[in-house]
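1. Fold the following.
(one chain, ligands or ions: 2)
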Amino acid sequence: MIITVANQKGGVGKTTTTINLAAACANKGRTLLIDLDPQANSTMSYVDARSVTKSMYDVLVSEELDFPDVIIETPVPNLFLAPSRIALAKLESKLIGDLDGPFRLKDRLKNTVNEYDYIFIDTPPTLGMITVNALVASTHVLVPIQSSYFALEGTDDLLETIEKIKARPNPNLQLAGVVITMHDKRTTLAKDIHDQIGHVFGDRLFNTVITKSIRLEESPAYKESIFTFAPKSSGAMEYYSLSEELLSRV
Ligand code: ATP
Ligand code: MG
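-> Ligands and ions are numbered 1, 2, ... in the order given. Next up, the predicted model:
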């Protein structure tokens, strides 16, 4: 099972969702976290950026490196990381115009897929070649939507991209679901937003809602998942519940 976490809107909780869902799944089986964002936030959530010498960029651009060559351990037992670094930003232009551009990740991953029970891919806030590579290689896509007045703006483009990829390069791709993040249950606006997103996505909206929690912001600085950093926090409980819901759907 390969799950891409995508939303071309910036700062909606993609990375926070990816790193913590990956940690939850690592408790159940061998898990790989692939960081495809040049910002390398997922990478830096678990390892020191200076320790990254080879990254996904090298795998996707050069023929010399095999996928397993870049995979490193994380402090989370059973969770492995294919890291990113800023060089990945150059990938976009390298892949455009290449006939196999959209298929590069899928191709590089094929001998590694069976070694992991769960693979999660964190993507940048764009719908460019990097995100397309992730969607082409995946079985599922999970979309975090930030609880805000403009929450649904842009989701049409994302859904259209998913449909296009399903139509041709990857008919197996499924929308695992949409999760509301950074929710503030106290406001009436938040309730309206929840209703509105529920109306659009129906049963594709996860029942679990991720509320605002300072602990979720803090844990990456300590290179820990929310489950060891603040096991009793709302964030830990909600991401655990989301992982259960996700695994029951896929
Ligand atoms: P980008 O598009 O830049 O990659 P992103 O979609 O990956 O962003 P995150 O980095 O996960 O978004 O989150 C943006 C910011 O909001 C981060 O500082 C993160 O710590 C914080 N954040 C994410 N989820 C929550 C939450 N539930 N409660 C409080 N803060 C959160
Ligand atoms: Mg991110």
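2. Grab the nearest non-local neighbour of Glu115.
-> In this structure, Glu115 finds its nearest non-sequential neighbour in Arg30, 6.9 Å apart by C-beta to C-beta, 6 or more residues apart in numbering. Yep, even glycine has a C-beta here, placed from its N, CA and C like the rest.
3. So Leu32: helix, strand or coil?
-> Counting by DSSP: H, G, I helix; E, B strand; the rest coil, the backbone at Leu32 sits in strand.
4. How about residues contacting the helix or strand hosting Ser243?
-> Counting by DSSP states H and E, the element that carries Ser243 is helix 234-249. Helix 234-249 is contacted from outside by 3, 17, 20-21, 23-25, 28, 142, 176-177, 179, 206-211, 213, 215-216, 219, 226-227, 230, using C-beta atoms under 8 Å, 6 or more residues apart in numbering.
5. Just the ones in strands from these, please.
-> Of the contacts of helix 234-249, the ones assigned to strands by DSSP state E are 3, 142, 176-177, 179.
6. With pLDDT added, can I get these in TSV?
-> Below are the ones in strands among the contacts of helix 234-249 laid out as TSV (pLDDT from 0 to 100):
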residue	pLDDT
Ile3	98
Leu142	98
Ala176	97
Gly177	97
Val179	98
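7. Wait, Ala82 touches Val59, no?
-> Yes: with contact defined as C-beta atoms under 8 Å, Ala82 reaches Val59; the gap is 7.3 Å.
8. Looking at those two, which one has more neighbours?
-> Under the criterion of other C-beta atoms under 10 Å, the comparison of Ala82 against Val59 puts Ala82 first, with 27 against 24.
9. For that one, list the residues it contacts.
-> 32-35, 55-56, 59, 67, 70-71.
10. Look at Pro38 and say how many residues are nearby.
-> 21.
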